[in-house]
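Enquirer: Coordinates only, no sequence provided:
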Ligand code: ADP
Ligand code: MG
């Protein structure tokens, strides 16, 4: 690279990832190509919001007309969009335009590659690569920009969206950005006025700044959230939601509030129907937009709702905040804390209403966002009981795809039961097959199946429900009622078997005991009495902490199982030492497998293959 000189054109190669992304955008996105305009307008509007915000404290910036202008030329087939926004420096053009910023983009890339169907282009805005949508319709894009508040020249950025872009210094007096799309021949429609106006009305009607096509303003700027609920149609509200979130589906529900009193604000909040991409990543920053007196103060006002409601999208508008506020001030302001408190209460009210009156909707909500919602058990002390009532889990008695509340679990408990039982597992399939369930299904006792990772961290915060303690069925100290069963082996035989297993698994388990909870399986592993609770142990494992020597498990054997009777017989004949050894280890590792703890799969399969060779040997051989 050469030093920057006025007039010199510098060329930059795109990184490989960026080239891949461009290729995909140009070749995989077919439907709804017109959304490129929504993306460009949304960027212009962001840039204008930034200047309007700075203008609150810098009168020089208030002088300019803040607007978006679109110019079309169907002779040379171009579309030009100009804004009087914040503009970009040379670094911005390199870092923000020339590079993929968000880590979510990568997963987006992967998803695109894997689907062989044509991908809906309207997805793109959710992934932070909106600008590049221009290359769906243009074969050359030119950006000219000057930053509003940094001294320094203006720059021209040019690319054909293939493998490189160029930068050169230019003369430009006014701050802001002008982007010119040289349209592909087959995309000529986007240089036609009626078509462009139609697209703006469809996707960008709610933009805060006037959008001009030629001399005519096309959008109607209206702060929907300020209007009376009764005056807004469902269609308008849904359009607003789609505009705000770039989601293409209807939201699952909404909350429209006009709060007056000690604190005054309007809010229009939505719960999406599906968790947006990246919702659970640390860098997720799509929260509620905070407005004050019609000015966008913060796009991602996280502190207006608790973290466990990070899925809520929408707008909060209040005049009670001082206008010239920095992020830190809004974060710590008592006004924000009060708004947060009111919104949390109202949101929980809405969820309660769904839970009671529209269970299907609530189940959808919980499947999408339960993971986030459950973290409230850890952080939200004063509303914990409210949250507990809203919890839903699959159980051994819920049908496929259904969830139960603790309340309905409790209603199904038999008279003698004083414990709410649960089982933690890596996924629902593993949970349903866990041998520890056998006792409970024989006794017709319901067990909650906690198969989301977050359950490990949250369930211990629900110590009891309605006076009944919650307990893992994997705890060793469960009091199981097996009074009516008669022992299958004599005490002596039982001792022999247990001693045999103890000897062979000496370094692997803490103890071997007779099981009361198994029916069909031969063995299972449980937590030792003096060891950590199972969820604690799983938690440490998730956090990458190894097991201490104290955390070995206890192997429980089902003495009524035919395998163990056979083994005892072989052992008493003092033959087949080798086979007995293999069986003992196979039984143990099978139990490990159910616990999601089997690390030596190869040995396990090898041993199983040996058994099959034995079993399939033809009688004549
Ligand atoms: P996103 O808007 O999600 O960040 P984009 O690909 O649409 O992703 O835009 C990338 C970045 O380029 C923006 O975040 C912004 O910093 C910059 N940018 C794009 N268009 C403009 C514009 N008209 N004015 C100022 N900055 C812009
Ligand atoms: Mg954008």
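Expert: Everything's here; your move. These numbers were taken from a predicted model, which means no experiment stands behind them. Ligands and ions are numbered 1, 2, ... in the order given.
Enquirer: Go through the residues of the stretch 1-150 of the chain and report the one nearest to ligand 2.
Expert: Distances between the stretch 1-150 of the chain and ligand 2 by CB to the ion are smallest at residue 130, namely 3.4 Å. In this view, the C-beta of every residue, glycine as well, is placed from N, C-alpha and C.
Enquirer: Neighbours of the nearest residue to that residue once chain neighbours are set aside, how many?
Expert: What sits nearest to residue 130 in space, not counting adjacent residues and going by CB to CB, 6 or more residues apart in numbering, is residue 39, at 3.3 Å. Using other CB atoms under 10 Å, the number of residues around residue 39 comes to 23.
Enquirer: Count the residues that sit near the residue of the stretch 1-150 of the chain closest to ligand 2.
Expert: 20.
Enquirer: show me what contacts it?
Expert: Contacts for residue 130 (CB atoms under 8 Å, 6 or more residues apart in numbering) come out as 39, 40, 42, 43, 124.
Enquirer: looking at those residues, which has the most residues close by?
Expert: Compared across the contacts of residue 130, residue 124 has the highest neighbour count, 27 neighbours, by other CB under 10 Å.
Enquirer: On the C-terminal side of the lowest-mean-pLDDT helix or strand in the chain, identify the next helix or strand.
Expert: The helix or strand of the chain with the poorest confidence is strand 119-120; it has a mean of 64 (mean pLDDT, DSSP states H and E). Downstream of strand 119-120, the next assigned helix or strand under DSSP states H and E is strand 138-146.
Enquirer: Other residues contacting that next one?
Expert: So strand 138-146 is contacted by 79, 87-88, 92-93, 97, 134-135, 153-161, 170, 172, 174-184, 187 (CB under 8 Å, 6+ apart).
Enquirer: Stretch 402-413 too?
Expert: 355, 363, 366-367, 388-395, 397-398, 420, 446, 448, 462, 465-466, 468.
Enquirer: Can you get me the start-to-end distance on that stretch?
Expert: 18 Å (CA to CA, to the nearest Å).
Enquirer: Do me a favour and average the pLDDT over that stretch.
Expert: For stretch 402-413, mean pLDDT rounds to 96.
Enquirer: Please state the offset of that stretch from the chain centre?
Expert: When distances are taken as CA atoms, centre = their mean, to the nearest Å, stretch 402-413 is centred 27 Å away from the chain's centroid.
Enquirer: the domain parsing of this structure - what is it?
Expert: As assigned by automatic domain parsing, the chain contains the domains 3-217, 224-360, 393-472, 491-615.
Enquirer: Which among those domains is found nearest to residue 383?
Expert: domain 224-360 (6.8 Å; CB to CB).
Enquirer: The closest one close to ligand 1?
Expert: No - Domain 224-360 is not in contact with ligand 1 by CB under 6 Å from any ligand atom; minimum separation 9.2 Å.
Enquirer: which residues are contacting stretch 376-388?
Expert: 306-309, 344, 348, 352, 373, 391, 406, 457-458, 461-462, 465.
Enquirer: since we're on residue 432, how many residues are nearby?
Expert: As a burial measure, residue 432 scores 15 neighbours (other CB under 10 Å).
Enquirer: Please name the residues that touch it.
Expert: 396, 449.
Enquirer: Close to ligand 2: what parts of the stretch 51-200 of the chain are there?
Expert: residue 130 (CB under 5 Å from the ion).
Enquirer: Would you map the strands across the stretch 51-200 of the chain?
Expert: Ranges of strands in the stretch 51-200 of the chain, per DSSP state E, counting those that start in this stretch, are 68-73, 78-83, 119-120, 138-146, 154-159, 164-170, 176-183.
Enquirer: Can you flag the weakest of the ones you listed by average pLDDT?
Expert: For the strands of the stretch 51-200 of the chain, where the average pLDDT is lowest is strand 119-120, sitting at a mean of 64.
Enquirer: pLDDT weak spots in the stretch 501-621 of the chain?
Expert: Along the stretch 501-621 of the chain, the parts satisfying pLDDT under 70 run over 529-537, 541-550, 621.
Enquirer: which residues in it form strands?
Expert: Taking DSSP E, counting those that start in this stretch to define them, one finds strands in the stretch 501-621 of the chain at 511-514, 523-526, 554-557.
Enquirer: now those in CSV, with distance to ligand 2?
Expert: Shown next, in CSV, are the strands of the stretch 501-621 of the chain (distance: least, CB to the ion, whole Å):
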stretch, distance to ligand 2
strand 511-514, 61
strand 523-526, 52
strand 554-557, 57
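Enquirer: Can I get those in JSON lines including mean neighbour count?
Expert: Listed next are the strands of the stretch 501-621 of the chain as JSON lines, based on neighbours: other CB atoms under 10 Å:
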{"stretch": "strand 511-514", "mean neighbour count": "18"}
{"stretch": "strand 523-526", "mean neighbour count": "24"}
{"stretch": "strand 554-557", "mean neighbour count": "23"}
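Enquirer: Pipe these into TSV and attach distance to residue 31 per row.
Expert: Below are those laid out as TSV (distance: least, CB to CB, whole Å):
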stretch	distance to residue 31
strand 511-514	62
strand 523-526	52
strand 554-557	57
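Enquirer: So which of those is nearest ligand 1?
Expert: Ligand 1 lies closest, by CB to the nearest ligand atom, to one member of the strands of the stretch 501-621 of the chain: strand 523-526, at 48.4 Å.
Enquirer: packing partners for the closest one?
Expert: Applying 3 or more CB pairs under 8 Å, 6 or more residues apart in numbering; DSSP states H and E, one finds that strand 523-526 makes contact with strand 554-557, helix 577-594.
Enquirer: Sheet partners, orientation included, of the first one?
Expert: Pointing back at strand 554-557 there. strand 511-514 (parallel), strand 523-526 (antiparallel) (DSSP bridges).
Enquirer: which residues touch the last one?
Expert: Around strand 523-526, the neighbours that count as contacts under CB under 8 Å, 6+ apart are 434-436, 474-476, 509, 515, 517-518, 553-558, 587-588, 590-592, 594-595, 597.
Enquirer: swap in the first one?
Expert: By CB under 8 Å, 6+ apart, the surrounding residues in contact with strand 511-514 are 494, 498, 501, 502, 505, 528, 554, 555, 556, 557, 559.
Enquirer: please redo it, this time with the cut-off set to 6 Å
Expert: Defining contact as CB atoms under 6 Å, 6 or more residues apart in numbering, one finds that strand 511-514 is touched by 498, 501, 502, 554, 555, 556, 559.
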